[in-house]
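>>> following is a predicted model, sequence given first.
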Amino acid sequence: MEERRRYPRITVEGITGRMLCAEKAKVINISLGGMAIEISKRLEINREYSLKLESKEDRFDFRGRVVWASLVGSLKGHGGDIIPVYHAGLKFIDLFDDKAKRLIEFIERHRSGESRFEDRIEGLRFKVKSLEGVLLDYPRNYKVKIISLGGMLIELPEALEINRVFPMEIVIPGGPKIELTGRVASCFQNEKIKEFYDIGIEFIDMRSEDRERLAEFLKSLEI
């Protein structure tokens, strides 16, 4: 934080960005057509996600679209906060012949031996074992409120965990995108608009050419 404050901080309007977020979920069951998961984040119906099924031995990448989602309960976190529990169903959308074959092989390696037949084209849905879970990647747009060469304050409709690191982009109107890696340094609920959070981001990695572009943009705002 002290490092970031060495640079002049400038309030801006009309600057936006994107960050690649990831949420880990538990696989309830899986078939060739889709899977059911348990997750602590509400998923939007019809939204597409990049998915990674992971185990100690291998990984399978694909895409899925949310077809249903429901709140099924809640858990108490380590700090006493309430964590929601959602179940959601995703339909696979990019499984062509070769990828479908690989998915069948992946399921075969990890299924628990228990299965439940359902009257649908996809047929058998299997419970799985020895999986570390599924990782859902998705982009999240944000608004930049304050920025410097060392970091920025952004606005999001959700809280982010302190010290989490994200690949990020800053979109300068009329200019190229600035790519960086940012760390969440602070997160506070907006006092005026409770549905949003003010999140402090520390820049921890940025290419020299992107840093030069950002420096030129900030200099232009001081004129």
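Cool, got the structure.
>>> C-alpha from now on. contacts and neighbour counts both.
Noted.
>>> name the nearest residue to Leu149, sequence neighbours excluded.
Leaving aside its chain neighbours, Leu149 sits nearest to Tyr7 (6.1 Å; criterion: Cα to Cα, 6 or more residues apart in numbering).
>>> what strand or helix carries Ile107?
Assigned by DSSP states H and E, Ile107 belongs to helix 97-110.
>>> distance between that helix and the chain's centre?
Its chain's C-alpha centre and that of helix 97-110 lie 25 Å apart, by Cα atoms, centre = their mean, to the nearest Å.
>>> now do that helix: which elements does it pack against?
In terms of contacts (3 or more Cα pairs under 8 Å, 6 or more residues apart in numbering; DSSP states H and E), helix 97-110 is packed against strand 124-128.
>>> low-confidence bits of the chain, can you list those?
The model of the chain has pLDDT under 70 over residues 1-5, 77-81, 110-132, 223.
>>> quick one, domains of it?
Following automatic domain parsing, one finds the domains of the chain at 4-20+138-222, 22-136.
>>> okay, those domains in JSON lines with mean neighbour count next?
Putting the domains of the chain into JSON lines (neighbours: other Cα atoms under 10 Å) gives the following:
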{"stretch": "domain 4-20+138-222", "mean neighbour count": "16"}
{"stretch": "domain 22-136", "mean neighbour count": "15"}
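>>> where along this protein do the helices fall?
In the chain, the segments counted as helices under DSSP state H are 97-110, 208-222.
>>> using PDB, list the CA coordinates for the helix holding Ile107.
Taking C-alpha atoms only, helix 97-110 is exported to PDB below (Å, rounded to 0.1, in the frame of the first residue of the first chain):
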ATOM      1  CA  ASP A  97     -15.900 -36.300 -31.700                       C
ATOM      2  CA  ASP A  98     -12.300 -36.200 -30.400                       C
ATOM      3  CA  LYS A  99     -13.200 -34.200 -27.300                       C
ATOM      4  CA  ALA A 100     -16.200 -36.400 -26.500                       C
ATOM      5  CA  LYS A 101     -14.000 -39.400 -26.700                       C
ATOM      6  CA  ARG A 102     -11.500 -37.800 -24.300                       C
ATOM      7  CA  LEU A 103     -14.300 -36.900 -21.900                       C
ATOM      8  CA  ILE A 104     -15.600 -40.600 -21.900                       C
ATOM      9  CA  GLU A 105     -12.000 -41.700 -21.100                       C
ATOM     10  CA  PHE A 106     -11.800 -39.100 -18.300                       C
ATOM     11  CA  ILE A 107     -15.100 -40.200 -16.800                       C
ATOM     12  CA  GLU A 108     -14.100 -43.800 -17.000                       C
ATOM     13  CA  ARG A 109     -10.900 -43.100 -15.100                       C
ATOM     14  CA  HIS A 110     -12.600 -41.200 -12.300                       C
END
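>>> residue contacts, the residue nearest to Leu149?
Ser148, Leu149, Gly150 (Cα atoms under 8 Å, 6 or more residues apart in numbering).
>>> between the residues you listed, which sits nearest Ile15?
Among the contacts of Tyr7, Ser148 lies closest to Ile15 (Cα to Cα), at 12.7 Å.
>>> which residue is the nearest non-sequential neighbour of that closest one?
Spatial nearest neighbour of Ser148, excluding adjacent residues (Cα to Cα, 6+ apart): Arg9 at 4.8 Å.
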